[in-house]
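Peer 1: structural data only, the sequence is not supplied:
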């Protein structure tokens, strides 16, 4: 532990935080930014170089005297493994420390097979992806996993996940960590999607809500640029909020008029089946919309309005800057967004909607794996973690 | 990029943060807690002593050798002025740096008289309170003001406040600051009440919602122990969220079924007048409830249910640990709370309500002035502010 007398003192981790914006900086610039002694900056840059977290930038900088070396973040120092496990599909990716995807793979993988078969597939997929790219396991900085159910963030264990039989309390981080030899972080899939969209889309935004419309409906919440998980980690569970304009549709939760019972992919598929059409799940709904089926288009637009009804209240309460709509059903694109916008603009307060941006996901299917990588990177490159790693 | 120091090193402000819990500590204890050199700790304690922010604690501590001096936070070093301006009433208080109230005063003060008459009264009231307690203006650490309308937090100016004619854009901090000679912070009244309740009631809670039921209805939101103000500072404006069980009552905002049009103090008074009773505002509603008027009790209970209907959605979305109900109408006590609880427990998800505490305000009428003081104290005793003040 350092004992500089100055009030504003930066450890090596904080120096790295400065360099993570991608800009190369000289020793002199870092001395000026931090108020540290030149010798201290040099010593910390050496430690970061030793751990390959920074590298000399190609272009030396001339300012009168002899050229000064500039240093930049080395996003290729390590790789991150990200997994997004849905109810029936999985996507895994290997990224660098800047969330750039190096390799990825998708597969049909029903989560209800239970934790060991599912996670074994994950280990296999990661191992193959690494081997194909000549990467070794000691290069893994960490592993991030999104699961389609509630997760206790501190332990990384699923908590009574409704669609994941056999997963309740399963020690995902320990199981995967012992096989992949790296720290493992686990969170709810919608939370990591919110992280991914915030990071890749608009990191300068303070308050963002990511709404996933798939088989179910949920949202991830970013407040002050950080994930708001709530007291029990249950924040964002909007699928069972009552829609004000709802008829008395009974939900699987036992209440009536829940958003999920009206506007989720499975609810829409059910409504289309009742009308005599073939629709087993949300993908079929989207196919019908794409084929121009009027009934499907009408239903999806109405689902957008019902989602908008719930979001209108949330806009008044939370005053987000951005609402991102993602998930399977959101692929019906403007039909869903139009319904959402219609009701939010008619029901929310003008001050809260004046600069509100309501848009579709920019990352699409990749929001989950990018968010899983973001979760890991934010953890392993946090100043405290870096300082500890360098000291240890 | 983060500009915070890494946390490994403590400035004088951070030492003060440690001592602000009220416990006295010796040099040796502080050396152990921070990892700083003994000479550095001594130097910083001297600076804090010089600014009277800490003092030697009465009881020296013996541990084998000669007695060691302990140091403690000196909450009496400065005073804070807090004001809570409502639609028709004002409360001002002088507190110490620990939010302990030294002196206070209340008055009828209609906010619609405009900024200069209202703020002139404030200056007079503060000046008299200080004089009565032999306090001088150079002892003022800062001034906190809560206003009954939207405030742009960065500038401290009201933004189109509906019930405050003449206040739009008025430079409250500059006007008051030049007369009281101290920094002035301004926020929405419900936000400062949330701060007050969080600080005085349960500072260990991460996520809290304070609901004010008075002439109107609004809420203050604490996420990760910090005020969530939202993108335009409009967060917490729940008075115009639509109640799912509402009949088509038209609200002054032009929409139908708004919470405020059904369950606010003025809505309840209107309903009682329609029933032939004398009720001009929320105070009269409470008097009728206290007198045991069955109609008033029934209406207040129903208002609690309607507020619960909106809060049930918010509980699913935000997953707070605590909901505090305050404001005039909340003085109808258990009648309101019972209605609120009834609907939240029936509509919100079990995981989110399992450990949820729904309670009435502990500070009552004083939540605003205490919160105004908290806002000022958190600002002036923030490590960075203290470091700057000591350096300057």
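Peer 2: Yes, it's here. What you see is a predicted model, and the numbers here were worked out from it, not measured in a lab.
Peer 1: and the top helix by length along chain A with chain B, contact?
Peer 2: Among the segments of chain A that qualify as a helix by DSSP state H, the longest is helix A:294-318. Yes: between helix A:294-318 and chain B, judged by C-beta under 8 Å from any C-beta of the partner chain, the touching residues are A:309, A:310, A:312, A:313, A:314, A:316, A:317, A:318. (Each C-beta comes from the backbone N, C-alpha and C, glycine too.)
Peer 1: which ones are touching the last one?
Peer 2: Meaning residue A:318. When the contact criterion is C-beta atoms under 8 Å, 6 or more residues apart in numbering or on different chains, the partners of residue A:318 are A:207, A:209, A:221, A:223, B:221, B:228, B:230, B:235, B:317, B:318.
Peer 1: swap in the second one?
Peer 2: Shown here is residue A:310, whose contacts under the criterion C-beta under 8 Å, 6+ apart are A:238, A:241, A:243, A:259, B:313.
Peer 1: just residue A:376 next, same as before
Peer 2: Residue A:376 makes contacts with A:80, A:81, A:82, A:141, A:142, A:143, A:144, A:183, A:185, as judged by C-beta under 8 Å, 6+ apart.
Peer 1: give me that answer again for 10 Å
Peer 2: A:78, A:80-82, A:95, A:97, A:99, A:140-145, A:182-185 (C-beta atoms under 10 Å, 6 or more residues apart in numbering or on different chains).
Peer 1: distance of the nearest residue to residue A:189 once chain neighbours are set aside from residue A:202?
Peer 2: Residue nearest to residue A:189 in three dimensions, not counting chain neighbours: residue A:146, with 3.9 Å by C-beta to C-beta, 6 or more residues apart in numbering or on different chains. The gap separating residue A:146 from residue A:202 is 20 Å, by C-beta to C-beta, to the nearest Å.
Peer 1: do the same with residue A:87
Peer 2: From residue A:87 over to residue A:202 the distance is 28 Å, taken as C-beta to C-beta.
Peer 1: what ranges of the stretch 101-250 of chain A fall below the confidence cut-off?
Peer 2: Per-residue confidence for the stretch 101-250 of chain A (pLDDT under 70) gives no ranges below the cut-off.
Peer 1: could I get the full set of helices for the stretch 201-350 of chain A?
Peer 2: Counting by DSSP state H, counting those that start in this stretch, the stretch 201-350 of chain A has helices at residues A:259-263, A:265-274, A:282-290, A:294-318, A:334-347, A:350-353.
Peer 1: which other helices and strands contact the shortest one?
Peer 2: So that's helix A:350-353. In terms of contact count using 3 or more C-beta pairs under 10 Å, 6 or more residues apart in numbering or on different chains; DSSP states H and E, helix A:350-353 is assigned the packing partners helix A:294-318, helix A:334-347.
Peer 1: mind listing what residue A:332 touches?
Peer 2: By C-beta under 10 Å, 6+ apart, the neighbours of residue A:332 are A:213, A:265, A:268, A:282, A:285-286, A:288-290, A:296-297, A:299-301, A:303-304, A:339, A:360.
Peer 1: per-residue confidence for it?
Peer 2: The pLDDT attached to residue A:332 in the predicted structure is 82.
Peer 1: so what's the closest residue to residue A:191 other than its chain neighbours bridging to?
Peer 2: Once its chain neighbours are removed from consideration, residue A:191 has its nearest residue in residue A:220; the separation is 4.5 Å (C-beta to C-beta, 6+ apart). Using DSSP bridges, the beta-bridge partners of residue A:220 come out as residue A:210.
Peer 1: all strands of the stretch 51-200 of chain A, in order?
Peer 2: Remark: strands assigned in the stretch 51-200 of chain A by DSSP state E, counting those that start in this stretch are A:54-56, A:70-73, A:79-85, A:89-96, A:101-108, A:140-147, A:151-152, A:157-158, A:184-188.
Peer 1: please identify the most buried of the helices of the stretch 201-350 of chain A.
Peer 2: Taking mean count of other C-beta atoms under 10 Å in any protein chain shown as the contact definition, the stretch among the helices of the stretch 201-350 of chain A with the greatest mean neighbour count is helix A:259-263, which reaches a mean of 26.
Peer 1: how distant is that helix from the center of its chain?
Peer 2: Taking the mean of its C-alpha atoms, helix A:259-263 sits 24 Å from the chain's own mean (C-alpha atoms, centre = their mean, to the nearest Å).
Peer 1: mind giving me the packing neighbours of it?
Peer 2: Here helix A:259-263 touches strand A:208-213, strand A:217-223, helix A:265-274, helix A:294-318, going by 3+ C-beta pairs under 10 Å, 6+ apart.
Peer 1: and the ones you listed as JSON lines, adding distance to residue A:42?
Peer 2: Putting the helices and strands packed on helix A:259-263 into JSON lines (distance: least, C-beta to C-beta, whole Å) gives the following:
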{"stretch": "strand A:208-213", "distance to residue A:42": "39"}
{"stretch": "strand A:217-223", "distance to residue A:42": "37"}
{"stretch": "helix A:265-274", "distance to residue A:42": "57"}
{"stretch": "helix A:294-318", "distance to residue A:42": "46"}
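Peer 1: show me the one of the ones you listed that comes nearest residue B:178.
Peer 2: strand A:217-223 (35.0 Å; C-beta to C-beta).
Peer 1: who are the packing partners of the closest one?
Peer 2: For strand A:217-223, the helices and strands in contact under the criterion 3+ C-beta pairs under 10 Å, 6+ apart are strand A:184-188, helix A:189-201, strand A:208-213, helix A:259-263, helix A:294-318, strand A:322-326, strand B:217-223, helix B:294-318.
Peer 1: could you redo the last one with a cut-off of 7 Å?
Peer 2: With contacts defined as 3 or more C-beta pairs under 7 Å, 6 or more residues apart in numbering or on different chains; DSSP states H and E, the packing partners of strand A:217-223 are helix A:189-201, strand A:208-213, helix A:259-263.
Peer 1: OK, contacts around residue A:303?
Peer 2: Taking C-beta atoms under 7 Å, 6 or more residues apart in numbering or on different chains as the definition of contact, the neighbours of residue A:303 are A:262, A:263, A:268, A:336, A:339.
Peer 1: doesn't residue A:323 make contact with the fourth one?
Peer 2: No: between residue A:336 and residue A:323 no contact is recorded; they are 12.0 Å apart, counting by C-beta atoms under 7 Å.
Peer 1: tell me which helix or strand comes right after the one helix or strand residue A:374 maps to.
Peer 2: For residue A:374, the host element (DSSP states H and E) is helix A:367-380. Under the assignment DSSP H and E, the closest C-terminal helix or strand after helix A:367-380 is helix A:383-391.
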